[in-house]
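>>> Generate a structure from the sequence data that follows.
(one chain, ligands or ions: 1)
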Amino acid sequence: MPYIFQLILFNMSMCLFYQNVLCQSKMMKNFLPKENIIPKKHVSSLNLDIQAEEFRKSSKKVTKYESKGLPIVHHYKYVSELPVGHRFAMKKFHGILRYLRQDNVISMKQVVEPCPLDMEKMSGVHTTDYLKKFFNGLTSDNEQRRTGFKWTPGLVERCQYETGGTLLAAQIAHQKGLACSTGGGTHHAFPSYGSGFCLVNDLAIAASQLKEQKLAKKILIVDLDVHQGDGTAFIFQNDLDVFTLSMHCQNNFPLTKQKSDLDIELENFIEDLEYLAILKEHLPHVLNTFRPEFVFYDAGVDPHVNDELGYLNLSDQGLFDRDYYVLKLLASHGIPCATVVGGGYSTNREQLYIRHTIIHRAATKIWNENL
Ligand SMILES: [Zn+2]
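Numbering: from 1, shown residues only. Down below sits the predicted model:
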């Protein structure tokens, strides 16, 4: 479809939601306080959690997205059991949805549930041998150690739903211009093995599915997690239709980097302004030269100053400005985008959950601004 029509269609779909703008824009003005992004009135309710049963009742399978708000993709099975004290904050996927709801960023009408993706749909990216081993709990101790997880059936199911979620977000974004999952961004998974808390590569699988379903031919993956998207880079290294952009801290995991189509390597401890300036130097050029029809955006929050695995010094506001900049630039080009949450590590779990909602808050603002 010619670019101008894509732009018009995108703007028309945004127009449909114009009536939402007035009431929600008041809320958006002070939704990100500078000092502490936990609104005081919500501190007393920090122990609230989305219970699986409650979520089952209030969510729905999507056949057609009908809400006027930003599409949010979530499933309670994004979460599986982990040993107490595990570094990976598995419950963050519930925590993200909880904060989005209690801060009135979204309503449950906006939340849609993905279906689990089966082995066959993953086989365009992963080897059959690996998928058979992973689905059946036959990966070796060494292979499991590399992923950071001891295998459980729950992990397999979680990956199926999370990957299904990234794909569903992409399918809805293809229609609506923008959609956000509350999970996703498992960019360290390679075709034949998992690594660094990533068991299957949801971004690569969803991108391949989007191509296979002929929803987009040229796809850009913008990966701003603090760690290089090495698995994604490797998977698409010879694919001219998928451009991988990774902006990451150079002195960080993974030790051995792969070659993305564009790697932007950052020095330790850079702050908001410098980070955003570097991003602005590169992203518009990629859009103008590669001309993607669709973008996946990994909005990892591990560049945050308080992240325990990061080594960069971005603030909450810096992350918000980053996300807002990326989404606004894409919207102004009329390029649909699906977002995933990516990495984020902190023993202060509540702060981490809130930090992960920054992308959904920025996306809501973009959605409501009607460009
Ligand atoms: Zn990361």
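>>> Please make it C-alpha for all contacts and neighbour counts, starting now.
Will do.
>>> Within the helices and strands, which one has the closest residue to residue 95 other than its chain neighbours?
Leaving aside its chain neighbours, residue 95 sits nearest to residue 353 (5.3 Å; criterion: CA to CA, 6 or more residues apart in numbering). Element membership for residue 353, per DSSP states H and E: helix 349-356.
>>> buried ones in that helix?
350, 352-356 (16 or more other CA atoms under 10 Å).
>>> Closest one of the residues you listed to the ion?
Closest to the ion out of the buried residues of helix 349-356 is residue 356 (12.3 Å), distances taken as CA to the ion.
>>> so the closest one touches residue 96, yeah?
Yes: applying CA atoms under 8 Å, one finds residue 356 in contact with residue 96, separated by 6.4 Å.
>>> Could you see whether the ion lies near stretch 345-361?
No: Stretch 345-361 is not in contact with the ion by CA under 5 Å from the ion; minimum separation 8.3 Å.
>>> Use 13 as the first number for this chain going forward.
Fine by me, first position is 13 from now on; the one you just mentioned is stretch 357-373.
>>> Contacts made by that stretch with the rest, please.
By CA atoms under 8 Å, 6 or more residues apart in numbering, the residues outside stretch 357-373 that reach it are 49-50, 58, 99-101, 104-105, 107-108, 111-112, 117, 192, 311-314, 318-321, 328, 331-332, 335-336, 351, 353, 356.
>>> what ranges do the strands span in this protein?
Along the chain, the stretches classed as strands by DSSP state E are 84-85, 123-124, 190-193, 231-235, 254-261, 274-278, 306-310, 349-352.
>>> State the distance from the nearest residue to residue 246 once chain neighbours are set aside to residue 298.
Leaving aside its sequence neighbours, residue 246 sits nearest to residue 270 (CA to CA, 6+ apart; 6.2 Å). Distance, residue 270 to residue 298, using CA to CA, to the nearest Å: 19 Å.
>>> Same question for residue 313.
Residue 313 is 22 Å from residue 298, by CA to CA.
>>> who's more crowded, the two?
residue 313 (29 against 16; other CA atoms under 10 Å).
>>> which ones are touching the nearest residue to the more buried one once chain neighbours are set aside?
Nearest non-adjacent residue to residue 313, counting by CA to CA, 6+ apart: residue 356, 5.0 Å away. Residues near residue 356 by CA under 8 Å, 6+ apart: 312-314, 319, 321, 364, 368.
>>> okay, residue 77: pLDDT?
On pLDDT, residue 77 comes in at 79.
>>> what does the stretch 113-262 of the chain put close to the ion?
So the stretch 113-262 of the chain meets the ion at 237-239 (CA under 5 Å from the ion).
>>> top helix in the protein by residue count?
When the chain is scanned for its longest helix (criterion: DSSP state H), the result is helix 165-188.
>>> helices and strands around that helix, which ones?
Using 3 or more CA pairs under 8 Å, 6 or more residues apart in numbering; DSSP states H and E, the elements in contact with helix 165-188 are helix 15-27, strand 84-85, helix 140-147, strand 190-193, helix 214-224, strand 349-352.
>>> Now tell me which of these the model trusts least on average.
helix 15-27 has the lowest average pLDDT among the helices and strands packed on helix 165-188, namely a mean of 41.
>>> In stretch 259-275, which residues are buried?
259-262, 264-265, 269-275.
>>> Give me the contact list for that stretch.
So stretch 259-275 is contacted by 235-243, 245-246, 249, 255-258, 276-280, 322-324 (CA under 8 Å, 6+ apart).
>>> For residue 136, which residues are in contact?
217, 220.
>>> For it, what are phi and psi?
phi -70, psi -20 (degrees, to the nearest 10).
>>> Can you check the pLDDT for it?
95.
>>> can you tell me how far it sits from the ion?
Distance, residue 136 to the ion, by CA to the ion, to the nearest Å: 24 Å.
>>> Tell me how far that residue lies from residue 234.
From residue 136 to residue 234 the distance is 21 Å (CA to CA).
>>> Next: residue 179.
Residue 179 is 16 Å from residue 234, by CA to CA.
>>> Look at the two and report which has more neighbours.
residue 179 (28 against 21).
>>> does the more buried one really touch residue 216, like I thought?
No: contact between residue 179 and residue 216 fails when scored by CA under 8 Å: they sit 9.8 Å apart.
>>> Only the buried subset of the contacts of stretch 259-275, as a PyMOL command please.
To isolate the buried ones among the contacts of stretch 259-275 in PyMOL, judged by 16+ other CA under 10 Å, type:
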select buried, resi 235+236+237+238+239+240+241+242+243+245+246+249+255+256+257+258+276+278+280+322+323+324
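>>> Mind pulling up the pLDDT for the closest residue to the ion within the stretch 113-262 of the chain?
Using CA to the ion, the single residue of the stretch 113-262 of the chain nearest to the ion is residue 239, 4.4 Å away. Looking at residue 239, its pLDDT stands at 98.
>>> Report the contact partners of it.
Residue 239 makes contacts with 260-261, 264-266, 322, as judged by CA under 8 Å, 6+ apart.
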